[in-house]
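>>> Predicted model and sequence follow; I will ask about them next.
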Amino acid sequence: MGIIKMSQTFKTKVTPNRMFKALILESHKLCPQLMFSSIKSIEYTEGEGDAGSIKQMNFTEASPLKYAKYRIDELDKEGFMCKYTLLETDAFMDKLESITYEVKFEPYGYTGCVCKISSEYKTRDNVEIKEEDIELGKDRAIGMYEVVEAYLLAHPHAYT
């Protein structure tokens, strides 16, 4: 088994509290509304959003994936941090044992934040993952964050 670690950061003009609420705590409500062309629905199949809960994201026919299941491993509502693991999807699980993500929103400036995302890819024995495959996933994640950021900037009283 191989392990590939990646990290990325980006700055936003939205407070950590609002980004955390919209992208982590309430993503199952907001993301399908904002990204309806790619996300059909997000629902909890176990739990209600705390550590140990299982969340399933269902994608539209336009997406290369049909679904993805995640387990919330850690949730720090005061520190605006969430760690979760991709458990199952209909694609590329023959190459990966798991992907673990840690997302943290830290204050930046007067009203913004820095979003820090780290990922750990655990590959199956004798399997190599292409850098461009990882980059594609990173780009999609950042795209989702940017859509939510734009929504929050346009709706300053949402998720306060």
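In hand now; what should we look at?
>>> dump the residue contacts of Lys21.
Neighbouring residues of Lys21 by CB atoms under 8 Å, 6 or more residues apart in numbering: Tyr159. For glycine as for every other residue, the C-beta is placed from the backbone atoms N, C-alpha and C.
>>> The same query, at a cut-off of 10 Å, please.
Neighbour list for Lys21: Thr15, Ser27, Leu30, Lys77, Phe80, Phe105, Leu152, Ala158, Tyr159, Thr160 [criterion: CB atoms under 10 Å, 6 or more residues apart in numbering].
>>> do Ile42 as well
Each residue near Ile42 by CB under 10 Å, 6+ apart is listed here: 26-32, 55-58, 68, 70.
>>> Looking at these, state which has the most neighbours.
Neighbour counts for the contacts of Ile42 (other CB atoms under 10 Å) peak at Met57, which has 23 neighbours.
>>> Next, that residue: secondary structure please.
strand (DSSP: H, G, I helix; E, B strand; the rest coil).
>>> That one reaches Tyr84, doesn't it?
No: under the criterion of CB atoms under 10 Å, Met57 is not in contact with Tyr84, lying 11.3 Å apart.
>>> which neighbours do the two share?
Tyr70.
>>> Show the average pLDDT along the helix or strand hosting Ala141.
Assessed by DSSP states H and E, Ala141 sits inside helix 131-154. Across helix 131-154, pLDDT averages out at 82.
>>> how about low-confidence regions in this structure?
1, 133, 135-137 (pLDDT under 70).
>>> Most distant residue from the centre of it?
Asn126 (27.3 Å; CA atoms, centre = their mean).
>>> Show me which residues of stretch 58-75 are buried.
Within stretch 58-75, the residues scored as buried using 16 or more other CB atoms under 10 Å are Phe59, Ser63, Ala68, Tyr70, Arg71, Ile72, Leu75.
>>> And stretch 75-94, by the same measure?
Under 16+ other CB under 10 Å, the buried positions of stretch 75-94 are Leu75, Phe80, Met81, Cys82, Lys83, Tyr84, Thr85, Leu86, Thr89.
>>> so how far is Leu23 from the most centrally placed residue in the chain?
The residue lying closest to the centre of the chain (CA atoms, centre = their mean) is Ala141, at 6.2 Å. As defined by CB to CB, to the nearest Å, Ala141 lies at a distance of 10 Å from Leu23.
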